[in-house]
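Student: let's see this in three dimensions:
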Amino acid sequence: IIAATVSFGVAPLLFVQTLYGRALFGSSILIAWPWLSVVALVIVAYYAAYLMAFRAGDGASRTGLAAAIAGIFVVVAFIYVNNMSLMLRVAEFESLTANGTGGWRLNADDRTLVPRFLHILVGAVAVAGAGAALLGWLRRHRDPAFGMWAMRYGSGWTALATFANLFFGSWWLMSLPRDVLMRFVGHDAAATTVLMLGIACALVALMAFAAAARAKDPAPAVRAGLMALPLVLVAMIFTRDQVRESSFALAGLGDAPWIEPQWGPIGIFAVLLVAALATIAWMLSALARGK
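Tutor: The predicted model follows:
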């Protein structure tokens, strides 16, 4: 899963750099050292995951490694949220660099940072729980005992995290600059509609997974929750895009007049992406064939 996340995360990051490079490169310079440390942190967590997998039966050390891996990825998430929120303050870059750039300028004085970080982090827990519930749903006939346990266990985590995110999401919304917030409370019909649809689907997912966590037969409720949750994610992606576009508009940052394509690196990336997907497909096939 770590390998797949890194592989599938490269393309979106490249597109963000292409679309919003003037803002993202500026914020990346401001937090250069934490931003560069992400590569090293992910490598350490990746190899720690292998080490944990090979320590079968050693409960204490496996638990410690699991906690360390989770902690590293929480730090990575915090660095990412710092950069993605700092780049929205493009109008303040001049004042933020008035005394030079040491590469340690985290976005700590932004009141949206903490609720945004918690909202995204808890949302990741919700999706991970849904993944466990999906695994149980897929194996419910082949291994009924495990299927029932995984569906209830994953649904419980998803319901709990989704409930918490109703609070964290509201906190993040209310912490936005007033001109950005107004788009979501009626000043922009599209932004308001997408946000309301996301909240409605989140409530549906919450009720479905909460019911699955207690149900004698959780499969129908899990299926309903798994249908609603992707709609929540799509709505939240569009909502975050509205926040980004509104922030850039307030800063006077419009579309770049021209982007010079670099077809050589694009071609290399395309080839490597196909190779990475083929490698992942081979690993999954080998895993399925193994004992």
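Student: where does the prediction get shaky in the chain?
Tutor: The chain contains residues with pLDDT under 70 at 56-58, 256, 291.
Student: who are the contact partners of A276?
Tutor: S7 (Cβ atoms under 8 Å, 6 or more residues apart in numbering). Backbone N, C-alpha and C define where each C-beta goes, glycine included.
Student: which element, helix or strand, includes it?
Tutor: Per DSSP states H and E, A276 falls inside helix 263-289.
Student: over to L106?
Tutor: Judged by DSSP H and E, L106 forms part of no helix or strand.
Student: sec struct for the closest residue to it other than its chain neighbours, please.
Tutor: Closest residue to L106 apart from its sequence neighbours, by Cβ to Cβ, 6 or more residues apart in numbering: N82 at 5.2 Å. Three-state assignment for N82 (DSSP: H, G, I helix; E, B strand; the rest coil): helix.
Student: roughly how far apart are N82 and A249?
Tutor: As defined by Cβ to Cβ, to the nearest Å, N82 lies at a distance of 22 Å from A249.
Student: cool, and A133?
Tutor: In terms of Cβ to Cβ, A133 sits 39 Å off from A249.
Student: comparing those two, which residue is more hemmed in?
Tutor: Taking other Cβ atoms under 10 Å, A133 and A249 do not tie; A133 has more neighbours (32 against 13).
Student: regarding the more buried one, what is its secondary structure?
Tutor: helix.
Student: measure it to D143 for me?
Tutor: A133 is 15 Å from D143, by Cβ to Cβ.
Student: same check on R22?
Tutor: R22 is 52 Å from D143, by Cβ to Cβ.
Student: neighbours of L277, how many?
Tutor: 13.
Student: which residue lies closest in space to it, excluding its sequence neighbours?
Tutor: Per Cβ to Cβ, 6+ apart, closest to L277 is S7, 7.4 Å.
Student: so what's S247 up against?
Tutor: S247 sits in contact with L88, R89, V90, P177, V180, where contact means Cβ under 8 Å, 6+ apart.
Student: the fourth one and L250 touch, don't they?
Tutor: Yes: the pair P177 and L250 passes the contact test of Cβ atoms under 8 Å, sitting 7.1 Å apart.
Student: run the chain-centre distance for the one helix or strand I69 maps to.
Tutor: If you go by DSSP H and E, I69 is part of helix 59-86. Put simply, helix 59-86 sits 13 Å off its chain's centre (Cα atoms, centre = their mean, to the nearest Å).
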